[in-house]
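Undergrad: here's my sequence, what's the structure:
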Amino acid sequence: MLPETPLGNLFYNDFWGTPLTHSGSHKSYRPLCVLTFRLNYALGGLDPMGYHLVNAILHSIVTVLFTFTAKVLTKKKFTSLVAGLLFASHPIHTEAVAGVVGRADILACLFFLLALLSYIRYCKYRDKHGTKDVQKMLPSRWPSLFMMAVFTTASMLSKEQGVTVLAVCIMYDIFMQTKLTFGQLLHIYKVSFLNEILLF
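TA: Numbering: from 1, shown residues only. Model prediction:
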């Protein structure tokens, strides 16, 4: 997005600069990603070095964040380190890092992980047990939920698939936080299904 293009067009055009209302529009709505391109252009014009450098830096940040997320989920340093190394060097990320347009994927992943970590923090405070005095000392859970919503929105505004973090948060809550098994879920489904039949 060149400087002569009004900044407001970010919210009316698709990823490729075509108005969303146009019949030929790609319908990919990624204004946050396009804004980073505009910042790149403001700092270094069309020199590709700046665009690739930002992508490489973002990928490094995402790799560290992914490794930290793996540590939070597995609670094992070695496992999370191996996961981080695999994530950093996996060939599937070549296009996202080397290709300028791949920034949408990197940004979406960055905010995806931040949203997931915010939700994990929310669950931690939500499920804390204890006296009222202990509860008063704990940080409020609501800022974490608010940040989860902010990061989810940012992920979606970077690339549409960012919305899938909501499903991942639900899966985390079911299987990691409440530790339900598939058998228990199936039983809950059967009971609720039978109740629906009986109500009708």
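
Undergrad: residue boundaries of the strands in the chain?
TA: For the chain, applying DSSP state E gives no strands.

Undergrad: next, count neighbours for the nearest residue to Leu185 once chain neighbours are set aside.
TA: Leaving aside its chain neighbours, Leu185 sits nearest to Ile174 (7.2 Å; criterion: CB to CB, 6 or more residues apart in numbering). All C-beta atoms are positioned from the backbone trio N, CA, C, and that covers glycine. Counted with other CB atoms under 10 Å, the neighbours of Ile174 add up to 15.

Undergrad: ok, now how distant is Ile174 from Val168?
TA: Counting by CB to CB, to the nearest Å, the gap from Ile174 to Val168 is 11 Å.

Undergrad: can you check Leu20 too?
TA: Separation of Leu20 from Val168 (CB to CB): 27 Å.

Undergrad: Leu186: neighbour count?
TA: If we define neighbours as other CB under 10 Å, then Leu186 has 10 of them.

Undergrad: any weak-confidence spans in the chain?
TA: Scanning the chain for pLDDT under 70 picks out 1-4, 129-139, 189, 191, 193-200.

Undergrad: center of it - which residue?
TA: The chain has Phe112 as the residue nearest its centroid, 0.9 Å off, counting by CA atoms, centre = their mean.

Undergrad: how much space between that one and Val62?
TA: Distance from Phe112 to Val62, by CB to CB: 9 Å.

Undergrad: cool, and Leu10?
TA: From Leu10 over to Val62 the distance is 23 Å, taken as CB to CB.

Undergrad: and His26, by the same measure?
TA: Distance of His26 to Val62, given as CB to CB: 25 Å.

Undergrad: more crowded one of those two?
TA: Neighbour totals were compared for His26 and Val62, and Val62 leads with 25 against 14 (other CB under 10 Å).

Undergrad: quick one: the helices in this protein?
TA: 31-44, 48-74, 77-89, 94-98, 103-126, 132-137, 142-158, 165-171, 182-199 (DSSP state H).

Undergrad: ranking the ones you listed by burial, who's on top?
TA: Counting by mean count of other CB atoms under 10 Å, helix 103-126 has the highest mean neighbour count of the helices of the chain, with a mean of 22.

Undergrad: CA atoms only: put stretch 67-84 into CSV for me.
TA: Only the C-alpha atoms of stretch 67-84 are listed here, as CSV (Å, rounded to 0.1, in the frame of the first residue of the first chain):
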residue,chain,number,x,y,z
THR,A,67,8.8,-23.0,22.0
PHE,A,68,7.4,-21.3,25.1
THR,A,69,3.9,-22.4,24.2
ALA,A,70,5.1,-26.0,23.8
LYS,A,71,6.8,-25.7,27.3
VAL,A,72,3.5,-24.5,28.8
LEU,A,73,1.6,-27.3,27.3
THR,A,74,4.0,-30.2,27.8
LYS,A,75,5.8,-28.9,30.9
LYS,A,76,9.0,-30.5,29.5
LYS,A,77,12.0,-28.4,28.5
PHE,A,78,13.6,-31.0,26.2
THR,A,79,10.3,-31.7,24.4
SER,A,80,9.6,-28.0,23.9
LEU,A,81,13.1,-27.3,22.7
VAL,A,82,12.9,-30.1,20.1
ALA,A,83,9.5,-28.8,19.0
GLY,A,84,10.9,-25.3,18.7
